[in-house]
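Enquirer: please work out how this folds:
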Amino acid sequence: MTYSSLLFIYLFFPAALGIYMISPKKIKDIVLYAESLIFCGFMGVKMTLFILLFSIVNYTAGKFIYSVKPRLKSIPLAIGILFDIIMLLSFRADYFAYLHGFMRLPEGAYPLGISLFTLSTVGYLADIYKGNIRADKNFIRFSLFVMMFPRLIMGTVISYDTYLTTMKNRRFNIGELGEGIIGFVKGLAKKVIVADQLYMLYSAVDGMPLSKLSAASAWLGIIAYILCLYFTLSGLSDMSCGLCRCFGIRMPNSFNYPMFSGRIRVFLSKWHIQVIQWFRKYITTPVSSMINNAYIGKFVFVIVWTVTGMWYSFSTGGALWGMLMGLAVVIENKFTKFRRIRTNGVIFTMFAITLISVFLAAESISGGLRYIGVMFGGNGNLADSLSVYLLKYYIVILLVAVYGSTDLFKNTLARVKDSKFGWIISVFTPVTVFALLLASTALMAYSGQSDSMIIML
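Expert: Sure thing, here's the model as predicted:
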């Protein structure tokens, strides 16, 4: 069960929210924890037991790090982090799938949110070790940090002290519920209406042999892939933030309209914000602080981005994507002294990101290189009937995706709200949200599921 399923939207979520609302304040965490266990239960008993074990090990490691003598703190820290990394690799890396085979799980099965809650727990252990926080004595509260169902799928990665402050300041009221529903439906529409359609376009191109693909079709395919990836990730993130807000929990957004940024560095700073900040806080900054040589510092920066790419996709393509992103930022910084027209910056950034993202989509590096060759006419075929058909059939959704990935619509709404016509937004927002929910429901009911892209986060 995922956020974009009819079972979740029309049964599990309303029931979970209703029970949470009528529960006494003292047991709300216990209720939310029980509901999260039930949500995980839809993944299967083995997956639920795994997440429970994961919580217990990290909770125990945190207690040991906090309580043992300073000279011994590194031992439970190393054990806890090593456990987390091995568990992550066991599900995410095909060449390291020992646990997956030991549990006799179906091919492709994995605990939802494992990449995200692994970052959370590693950060938790590191913060205890550095003395920034105390180990939490409340196991239920800590477990919610790992497996709280509104945050489990593509939720925001936050530090444990921020999590405690957020949970302490939660306020449930009708206004928060309304804003949460709006945010959830917005994310649902991005995922089901936009991302799923873009995935169909990408699949149509990906299913063609490279030798028969025209340059125009290749460009359409990779552009659809990038936009699909963005609308899938940001859509799930919006749904998660919306769900949290329905429960009175305010989480920061993970995406800030990164597409069509004027610089690659700006693009990356707006893309999966908390994840990128996590790698900077816990890896880049500590390592760089020990290095005085500028060139070695840049090398470390590229290596960290290579690891970031592997976090997205445990493959050579994912590693190459991250490495090239890091290199692109390093090279770009060399030319910051040259003034550029903003439009040219946007074109250059999108061109570079498009080419680099080919390796994230490709099954191998050689396949990615061949695909780039096709994009530049390597097959001697610039356009064909397939590219004309795809462009004609998907032009509307492509234009909607391009416009929706910018902040133009958001800024327009803000200006209208501040004008004398602000009442129009108040009147039409509920109608629009209801229409988007109906449209998303119809598409999910027609297709039976919403599978724009398999993102193992």
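
Enquirer: list the buried residues in stretch 48-57.
Expert: 48, 50, 51, 54, 55, 57 (16 or more other Cβ atoms under 10 Å). Any C-beta I mention is one placed from the backbone N, CA and C, and that applies to glycine too.

Enquirer: need the max-distance pair from those residues.
Expert: 48 and 57 (15.2 Å; Cβ to Cβ).

Enquirer: for the buried residues of stretch 48-57, which one is nearest residue 380?
Expert: Among those, and counting by Cβ to Cβ, the member closest to residue 380 is residue 50, at 51.4 Å.

Enquirer: measure the nearest residue to that closest one once chain neighbours are set aside to residue 147 for me?
Expert: Counting by Cβ to Cβ, 6 or more residues apart in numbering, residue 50 lies nearest to residue 111, which is 5.8 Å off, once chain neighbours are set aside. According to Cβ to Cβ, to the nearest Å, residue 111 and residue 147 sit 9 Å apart.

Enquirer: go on, residue 237?
Expert: From residue 237 to residue 147 the distance is 18 Å (Cβ to Cβ).

Enquirer: between those two, which is the more surrounded one?
Expert: Legend: neighbour count by other Cβ atoms under 10 Å for residue 237 and residue 147, higher for residue 237 (27 against 23).

Enquirer: contacting residues around that one?
Expert: The contact partners of residue 237, taken as Cβ atoms under 8 Å, 6 or more residues apart in numbering, are 154, 155, 156, 187, 253, 254, 255.

Enquirer: in terms of residue numbering, what are the domains of this structure?
Expert: Per automatic domain parsing, the structural domains of the chain span 6-169, 176-447.

Enquirer: what would those look like in a markdown table with mean pLDDT?
Expert: Putting these into a markdown table (pLDDT from 0 to 100) gives the following:
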| stretch | mean pLDDT |
| --- | --- |
| domain 6-169 | 88 |
| domain 176-447 | 88 |
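
Enquirer: so for stretch 210-221, first residue to last residue, what's the gap.
Expert: Terminal residues of stretch 210-221 are spaced 12 Å apart (Cα to Cα, to the nearest Å).

Enquirer: list the buried residues in that stretch.
Expert: In stretch 210-221, counting by 16+ other Cβ under 10 Å, buried: 213, 214, 215, 216, 217, 218, 219, 220, 221.

Enquirer: do the same with stretch 315-334
Expert: 315-330, 332.

Enquirer: ditto for stretch 80-89
Expert: For stretch 80-89, by 16+ other Cβ under 10 Å, it's 80, 81, 83, 84, 87, 88, 89.

Enquirer: what about stretch 189-197, start to end distance?
Expert: 11 Å.

Enquirer: chain center to it: distance?
Expert: 15 Å (Cα atoms, centre = their mean, to the nearest Å).

Enquirer: name the residues that touch it?
Expert: Against stretch 189-197 from outside (Cβ under 8 Å, 6+ apart): 3-4, 227-228, 231-232, 234-236, 238-239, 394, 397, 400-401, 404, 436, 439-440, 443-444, 447, 450-453.

Enquirer: which ones among these lie within helices?
Expert: Among those, the ones falling in helices (DSSP state H) are 227-228, 231-232, 234-236, 238-239, 394, 397, 400-401, 404, 436, 439-440, 443-444, 447.

Enquirer: one step back: check the gap between the residue nearest to residue 50 and residue 355 for me.
Expert: 33 Å.

Enquirer: if we can go back for a sec, could you export the contacts of residue 237 as a markdown table, including neighbour count?
Expert: Shown next, in a markdown table, are the contacts of residue 237 (neighbours: other Cβ atoms under 10 Å):
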| residue | neighbour count |
| --- | --- |
| 154 | 28 |
| 155 | 25 |
| 156 | 23 |
| 187 | 24 |
| 253 | 15 |
| 254 | 24 |
| 255 | 18 |
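
Enquirer: ok, so of these, who is nearest residue 175?
Expert: Using Cβ to Cβ, those come closest to residue 175 at residue 253, 18.2 Å.

Enquirer: how about that closest one, secondary structure?
Expert: Secondary structure for residue 253, judged by DSSP: H, G, I helix; E, B strand; the rest coil, is coil.

Enquirer: what sits against it?
Expert: 156, 237, 238, 241, 273.

Enquirer: wait, the fourth one touches residue 183, no?
Expert: Pointing back at residue 241 there. Yes - the pair residue 241 / residue 183 is scored as a contact, 5.6 Å apart, by Cβ atoms under 8 Å.

Enquirer: tell me which of the two has more neighbours.
Expert: Between residue 241 and residue 183, counted using other Cβ under 10 Å, residue 241 has the larger neighbour count: 27 against 23.

Enquirer: for the closest residue in space to that one that isn't next to it in sequence, what are its contacts?
Expert: Nearest residue to residue 241, sequence neighbours excluded (Cβ to Cβ, 6+ apart): residue 251, at 4.9 Å. Contacts for residue 251 (Cβ under 8 Å, 6+ apart) come out as 151, 155, 156, 158, 166, 240, 241, 244, 245.

Enquirer: ramachandran coordinates for residue 251?
Expert: phi -110, psi 140 (degrees, to the nearest 10).

Enquirer: just to revisit the earlier point, who's more crowded, residue 111 and residue 355?
Expert: Taking neighbours as other Cβ under 10 Å, residue 111 and residue 355 compare with residue 111 leading, 24 against 17.

Enquirer: hmm, that one is touching residue 49, no?
Expert: No - with contact defined as Cβ under 8 Å, residue 111 does not reach residue 49; the gap is 10.2 Å.

Enquirer: element containing residue 219?
Expert: Using DSSP states H and E, residue 219 sits within helix 215-246.

Enquirer: before we move on, what about residue 167?
Expert: helix 160-168.

Enquirer: may I see the buried residues of the next helix or strand after that helix?
Expert: Counting by DSSP H and E, the next helix or strand C-terminal to helix 160-168 is helix 174-189. In terms of neighbour count (16+ other Cβ under 10 Å), helix 174-189 has its buried residues at 176, 177, 180, 181, 182, 183, 184, 185, 186, 187, 188, 189.
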